[in-house]
Structure formats: structure tokens, C-alpha cells
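Asker: please find the sequence and the predicted model below.
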Amino acid sequence: MNSVPANAPDRPRVIAPPPLIATVVVVIGLYLDRTLPAYVLETMLTLNERIVVGALIAFGGGALAVMAERQFRTVGTNVQPWKPTLRIATEGVYSRMRNPMYIGLLLLTGGIGVGLASDWTLALLAPMALVLHFGVVKREERYLEAKFGDTYRRYMAKVPRWGL
């Protein structure tokens, strides 16, 4: 069932590409580290510890995002959230969480923050999560519910948004 108005654009109208949101967070975080340093991570972890922990977190996030992207390609839908969704991915990682790419992006950003001892990047993860939630995820959900109707509502009822 397609209840999207005929004149509505066939896209979720997200506020910005999620990778751009993450990049902005890292850039602002690094700028703030330089101008208002906190030195929390530098005092808590050695350089080697930061690199290992940061790499593990970033790798986990990247792996999650790659698995999610592959599932999109398998079902034949667009990966970019500013393009039309052709099909809903419900298998693989999408059977456990509805937004694995965004969780992966948050983990990747956090891993970069830890690896670079960027206290501000880590502090900006909460605002980043809010921007992703309200500026991307909620918009996508409204779009998908309007486009796919009961099919998407059943999926939403079955699978948690963030995997919790």
C-alpha cells in the first residue's frame, strides 16, 4: 500500500547525509580539543591503549555498517538516505535492529574520538545521536511508513529501532 501523496518527493528528506554529520562532529571535536583541551583520555589511557581501543570500536562500527550496506544491496534498494527506498531490508542485521548503519556510524565516530584522544568528539556523540535520531531516523520512518504502510508498521513492531 502506498499512501504517499502523488506530489510528494520519493525520498525521506533527511537533514544531511549521515557521513557528513559524523565528519562535522569529528572536525568540531578536534577544533574544541585544540582550543579548550580537557586531557581526559590522554590521562586515562596511554597512546597504545587509545589506538587499540579506538581501533576496536571503530572496526566494530565499520563492520556493522558494511553488513547493513550489503543487506541493502542484496535486497536491491538504495543505500543513500536521500534517494528513494525501493524495498525494505528485514533480514540479516536488520532482523535485530532497524538502524545498524547509524549505530555503526556512531561507533566509528566514537572510535576515532578515542584513538585521537578527542574528548570533545566523545562529548559530541550525544548531540550527534540526537541529530541522527530526529533529523534522519524519524524522517526515514515517516517516509517508510507512508510508502510501505502496514508492511513497515509490522517490521517496526517486531524489530527495535536501536537493537535494544
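Answerer: Alright, I've got the coordinates.

Asker: tell me, how many residues neighbour the residue lying closest to P12 once chain neighbours are set aside?
Answerer: Spatially, and ignoring its direct neighbours in sequence, P12 is nearest to Y143 (3.7 Å; C-beta to C-beta, 6 or more residues apart in numbering). To be clear about C-beta, it is placed using only N, CA and C from the backbone, and glycine gets the same treatment. Y143 is flanked by 22 other residues according to other C-beta atoms under 10 Å.

Asker: what sits against Y143?
Answerer: 4, 11-13, 85 (C-beta atoms under 8 Å, 6 or more residues apart in numbering).

Asker: relative to L124, how far out is E49?
Answerer: Relative to L124, E49 is positioned 22 Å away (C-beta to C-beta, to the nearest Å).

Asker: neighbour count winner among these two?
Answerer: Set E49 next to L124 and count neighbours by other C-beta under 10 Å: L124 wins out with 22 against 12.

Asker: check contacts around that one.
Answerer: L124 makes contacts with 25, 28-29, as judged by C-beta under 8 Å, 6+ apart.

Asker: pLDDT score for it?
Answerer: The model reports L124 with a pLDDT of 98.

Asker: likewise for R13?
Answerer: What the model reports as pLDDT for R13 is 89.

Asker: what is the burial count for it?
Answerer: R13, neighbours per other C-beta under 10 Å, totals 14.

Asker: how about the nearest residue to it, chain neighbours excluded?
Answerer: Spatial nearest neighbour of R13, chain neighbours left out: R139 (5.7 Å); criterion: C-beta to C-beta, 6+ apart.

Asker: can you tell me the helix or strand for that neighbour?
Answerer: Under the criterion of DSSP states H and E, R139 resides in helix 138-148.

Asker: pick out the residue closest to the middle of the protein.
Answerer: Y102 (1.4 Å; C-alpha atoms, centre = their mean).

Asker: isn't it up against G135?
Answerer: No: the criterion here is C-beta atoms under 8 Å, and Y102 misses it with G135 at 10.9 Å.
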